[in-house]
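J.: Build me a model from this:
(chains A, B, C and D)
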There are 2 protein chains.
Amino acid sequence: MKEGPDIARIGTLIGDPARANMLTALMGGQALTATELAQAGGVTLQTASSHLSKLEDGGLISQRKQGRHRYFTLADGAAGTLLENIMGFAASRGHLRHQPGPKDPALRKARICYDHLAGDYGVRMLDSFVSRGVIRTDGENLMVTEQGRADIGQIGIDVAPLVSSRRPLCKSCLDWSERRSHLAGTLGKALLSHFLEKGWARRSSESRAVLFTPEGERKFLSLFPLERPSPEP
Amino acid sequence: MKEGPDIARIGTLIGDPARANMLTALMGGQALTATELAQAGGVTLQTASSHLSKLEDGGLISQRKQGRHRYFTLADGAAGTLLENIMGFAASRGHLRHQPGPKDPALRKARICYDHLAGDYGVRMLDSFVSRGVIRTDGENLMVTEQGRADIGQIGIDVAPLVSSRRPLCKSCLDWSERRSHLAGTLGKALLSHFLEKGWARRSSESRAVLFTPEGERKFLSLFPLERPSPEP
DNA sequence: AAGATGCTTCGGTTAAGATCGAAGTATGAA
DNA sequence: TTCATACTTCGATCTTAACCGAAGCATCTT
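T.: Now for the predicted structure:
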């Protein structure tokens, strides 16, 4: 009788606090072991193991055996995007777990959102692109302009190989701390990788924070100037 | 300690089968009473009332009192989009509630997805737009071309007023019965409204099916010809 | 081989919340 | 006023599943 996709199953999987915490931890983009995820979820290893197998059956995560460890990651980009969407929605309704934003100011400033940069710096980067005409926006969709390709090339990133993938090149992602959009998609991913490779910033070991070096910060800010505060919905 | 948006809360709301059924019913885009939603959810009125207040607290739905009725709708477009996303994801993982598609063939052929057309006809419409260059696609983002605006104008729809809104003009939405994309966004909404206004089709009273008249069907098919089966991921 | 580490499976307990009957409130009809 | 309809609130029951201790399996180290 009932028609359609089983959204309740996905909802149930995400609806348990321990599982939600594990998934949030996996949004960091790194593969984590069952033990690490148990800690992230705040449960014992036995309980975590049960949760992880449910998440895997549900297609949200996948695992890779390596020696006596099992490394878990989000199943794919679609799973990451789904979680981003839900986070954005939850934030838009004011459903925050503690108070208006992350307590840790570093997390508010710059953090990883699955595979791209979020937080104040992530929002600033997209704002700068839009105000300088590198990226054009049509409500929600984002497109790199012709001239924008050259600008991004100057940063040291070749746009061409990024479009081949089935993931979109640009995608806006609602930032829960800033309540504005930042840049996701393969370009967002490439930019973050670039910053990390150049040594401008590194990942925090305990959280999703991205820590810029003083020099990296200087370069970042000069690379992504803000003309004026651009009002965005 | 815990950072970020409370995705577990949203998950829990969607994770209950009765609530999921109610939300799916509301994806039809029409305002429904508590009694109707109780039936959709397969629970008594008391239980439904409890569910509805939880959904409202969570920001997924809103209500409007009218005499002794209370009409419930999805809170806004963002809520609809969220549910669409989750449906698409669930379908992509094969989480269907019964078997590979809707039992009702009419539902497979054409149905309402919140406010736009889905099913075989919905997919065909987008395919036709893409193959004729009315809409260009960049991975996931959709854009109406210059020439496309004129083509759509010929159908009788003025694109200009559709872009002002904060919702995107075009948006792809994964179709769970076809496993391909169809057209959402304000343009998708305008097209469906147009078909209904012109009397080419009408909504089914019991389900989300959209029933075309013989003449409406003829016009629809000639308006959205398929050059060749276009392979899409 | 023996021990340590990482993880899974099993079993019993417990807590959360979904459910509905019954009673209460609000609006409309007669 | 009286009755009917639409819905909410209260209270009690009952099912589901989250949880962890204990035991088992697999892999690495020594």
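J.: Could you look up the SS state of residue A:183?
T.: At residue A:183 the chain is in strand, as set by DSSP: H, G, I helix; E, B strand; the rest coil.
J.: contacting residues for the nearest residue to it once chain neighbours are set aside?
T.: The spatially closest residue to residue A:183, leaving aside those adjacent along the chain, is residue A:126, at 4.4 Å (Cβ to Cβ, 6 or more residues apart in numbering or on different chains). Just so you know, the C-beta spots here come from the backbone N, C-alpha and C atoms, and that holds for glycine as well. When contacts are counted by Cβ atoms under 8 Å, 6 or more residues apart in numbering or on different chains, residue A:126 is found next to A:135, A:142, A:172, A:181, A:182, A:183.
J.: which residue sits closest to residue A:133, ignoring its sequence neighbours?
T.: Skipping the residues right next to it in sequence, residue A:133 comes nearest to residue A:145 by Cβ to Cβ, 6+ apart, at 5.9 Å.
J.: ranking the contacts of residue A:126 by neighbours, who comes first?
T.: Neighbours were tallied for each of those (criterion: other Cβ atoms under 10 Å in any protein chain shown), and the maximum of 27 neighbours falls on residue A:183.
J.: Is the residue nearest to residue A:183 located within a strand, as I assumed?
T.: No: counting by three-state DSSP, one finds residue A:126 to be helix, located in no strand.
J.: how much space between it and DNA strand C?
T.: To DNA strand C, residue A:126 is 36 Å away according to Cβ to the nearest atom of the strand, to the nearest Å.
J.: what's the answer for residue A:18, then?
T.: 12 Å.
J.: Just to check, that residue is in contact with residue A:47?
T.: Yes: look at residue A:18 against residue A:47 with Cβ atoms under 8 Å: they come within range, at 6.8 Å.
J.: what residues are shared contacts of these two?
T.: Common contacts of residue A:18 and residue A:47 (Cβ under 8 Å, 6+ apart): residue A:41.
J.: between those two, which one's more packed in?
T.: The neighbour comparison of residue A:18 against residue A:47 (other Cβ under 10 Å) goes to residue A:18, with 18 against 13.
J.: contacting residues around the more buried one?
T.: The contact partners of residue A:18, by Cβ under 8 Å, 6+ apart, come to A:41, A:42, A:43, A:47, A:48, A:51.
J.: pLDDT wise, what is the second one at?
T.: What the model reports for residue A:42 is a pLDDT of 91.
J.: now residue A:233
T.: Residue A:233 carries a pLDDT score of 41 in this model.
J.: Would you mind listing what in chain A touches DNA strand C?
T.: Within reach of DNA strand C by Cβ under 7 Å from any atom of the strand, chain A has these residues: A:33-35, A:45-46, A:48-50, A:52-53, A:63, A:68-70.
J.: from those, which ones fall inside helices?
T.: Secondary structure of those is defined by DSSP state H; positions in helices are A:34, A:35, A:45, A:46, A:48, A:49, A:50, A:52, A:53.
J.: These, buried ones only, as a ChimeraX selection?
T.: To isolate the buried ones among those in ChimeraX, judged by 16 or more other Cβ atoms under 10 Å in any protein chain shown, type:
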select /A:34,48,49,52
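J.: Could you dump the ones in helices among the residues of chain A next to DNA strand C into CSV and include pLDDT?
T.: Output for these, formatted as CSV (pLDDT from 0 to 100):
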residue, pLDDT
A:34, 95
A:35, 94
A:45, 94
A:46, 94
A:48, 95
A:49, 95
A:50, 95
A:52, 97
A:53, 96
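J.: Could you tell me which ones among the ones in helices among the residues of chain A next to DNA strand C also sit near DNA strand D?
T.: A:46, A:50.
J.: tell me the centre residue of chain A?
T.: If you average the C-alpha coordinates of chain A and look for the closest C-alpha using Cα atoms, centre = their mean, you land on residue A:113, 1.8 Å from that point.
J.: Tell me who's in contact with the residue in chain A that DNA strand D sits nearest to.
T.: With Cβ to the nearest atom of the strand as the measure, the residue in chain A that lies nearest DNA strand D is residue A:67; the distance is 3.1 Å. Applying Cβ under 8 Å, 6+ apart to residue A:67 gives no contacts.
J.: Among the residues of chain A next to DNA strand C, which pair sits farthest apart?
T.: Using Cβ to Cβ, the pair of the residues of chain A next to DNA strand C lying farthest apart is A:50 and A:68, separated by 19.3 Å.
J.: ok, back up a step: report the two of the contacts of residue A:18 separated the most.
T.: Taking every pair in the contacts of residue A:18 and measuring Cβ to Cβ, the maximum separation is 11.1 Å, between A:42 and A:51.
J.: Show me where chain A has its strands.
T.: According to DSSP state E, chain A carries its strands in the segments A:32-33, A:61-66, A:69-74, A:111-113, A:116-118, A:135-138, A:141-144, A:171-175, A:180-184, A:201-203, A:210-212.
J.: if you look at the helix or strand of chain A with the lowest mean pLDDT, does any of it touch chain B?
T.: The helix or strand with the lowest mean pLDDT-type score in chain A, counting by mean pLDDT, DSSP states H and E, is helix A:105-109 (a mean of 78). Yes: using Cβ under 8 Å from any Cβ of the partner chain, we find that helix A:105-109 touches chain B at residue A:107.
J.: residues of that helix that come out buried?
T.: Taking 16+ other Cβ under 10 Å as the criterion, helix A:105-109 shows A:106, A:107, A:108, A:109 as buried.
J.: So which bits of chain A are right by DNA strand D?
T.: Contacts of chain A with DNA strand D, taken as Cβ under 7 Å from any atom of the strand, map to A:12, A:16-18, A:41, A:43-44, A:46-47, A:50-51, A:54, A:67-68.
J.: Closest to chain B out of the residues you listed?
T.: residue A:12 (3.6 Å; Cβ to the nearest Cβ).
J.: Surely that closest one touches residue B:10?
T.: No: counting by Cβ under 8 Å, no contact exists between residue A:12 and residue B:10, whose distance comes to 11.8 Å.
J.: Give me the more crowded residue out of these two.
T.: For residue A:12 and residue B:10, the more surrounded residue by other Cβ under 10 Å is residue B:10, and the numbers stand at 26 against 20.
J.: got any ranges where chain A has weak pLDDT?
T.: Counting by pLDDT under 70, the low-confidence segments of chain A come to A:1-3, A:98-104, A:139-140, A:164-166, A:228-233.
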